[in-house]
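okay, predicted coordinates and the sequence, questions at the end:
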Amino acid sequence: MDQKRLRQMFPRASLSFVKANPELFAAEPQRPPRKALERKVAGTEQSIERIVLRYRLCRCRLQDPDNAYAATKTLTDLLCRAGILPDDSAQKIRLEVEQEKVSSYTEQRTEIEIIYP
């Protein structure tokens with residue numbers, strides 16, 4: 001238990017109780033000093049730029065942002081399966097989804113832009 005919790009439990013603790021239980025009312029606990037990193041973190045040796053995958057959803061009714069991103073999942077998976085993208089992980093691609101309102105259903109479309117580094 002920490003000191004604050006014990007002070008809450010025993011707000012009127014007598015001086016003799018505090019002296020009899022010094023470990024309960026000790027000063028702030030001391031943390032051991034942290035060691036510096038001995039080696040580089042894995043994966044930071046090579047830094048590659050990510051592929052930018054940009055979708056523009058042109059719809060009559062705009063979607064919520066989370067639904068707009070979810071609507072692009074199948075397309076992203078198909079781009080990976082076709083070999084156009086190496087992987088759809090956050091380390092490999094940066095996903096951007098934009099929405100544009102159009103006036104008629106005949107103008108609805110999904111535009112895909114892929115920018116390789």
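Looks like it arrived, so ask away.

switch to C-alpha atoms for all contacts and neighbour counts from now on
Will do.

the residue positioned nearest the centre of the chain sits in which helix or strand?
Nearest to the geometric centre of the chain sits residue 90, at 9.9 Å (CA atoms, centre = their mean). Assignment of secondary structure by DSSP states H and E places residue 90 within no helix or strand.

how about it, phi and psi?
Backbone torsions for residue 90, taken as degrees, to the nearest 10, come to phi -70, psi -20.

do the same with residue 76
In terms of degrees, to the nearest 10, the main-chain angles of residue 76 are phi -60, psi -40.

wait, what's in contact with the closest residue to it other than its chain neighbours?
Residue nearest to residue 76 in three dimensions, not counting chain neighbours: residue 88, with 7.0 Å by CA to CA, 6 or more residues apart in numbering. With CA atoms under 8 Å, 6 or more residues apart in numbering as the criterion, the residues that contact residue 88 are 76-77, 80.

among these, who's most crowded?
Of all the contacts of residue 88, the most densely surrounded is residue 76 (19 neighbours; neighbours counted as other CA atoms under 10 Å).

what distance do you get for it to residue 58?
Computed with CA to CA, to the nearest Å, the distance linking residue 76 and residue 58 is 17 Å.

same question for residue 90.
The value you get for residue 90 to residue 58, if CA to CA is used, is 25 Å.

repeat that for residue 80.
When distances are taken as CA to CA, residue 80 and residue 58 turn out to be 23 Å apart.

can you give me phi and psi for residue 86?
Residue torsions, per degrees, to the nearest 10, at residue 86 are phi -70, psi -30.

run a quick neighbour tally on it.
By the other CA under 10 Å criterion, the neighbourhood of residue 86 contains 13 residues.

for it, give me its contacts.
With contact taken as CA under 8 Å, 6+ apart, residue 86 is in contact with 80, 92.

rerun that using 10 Å as the cut-off
Residue 86 makes contacts with 51, 79-80, 92-93, as judged by CA atoms under 10 Å, 6 or more residues apart in numbering.
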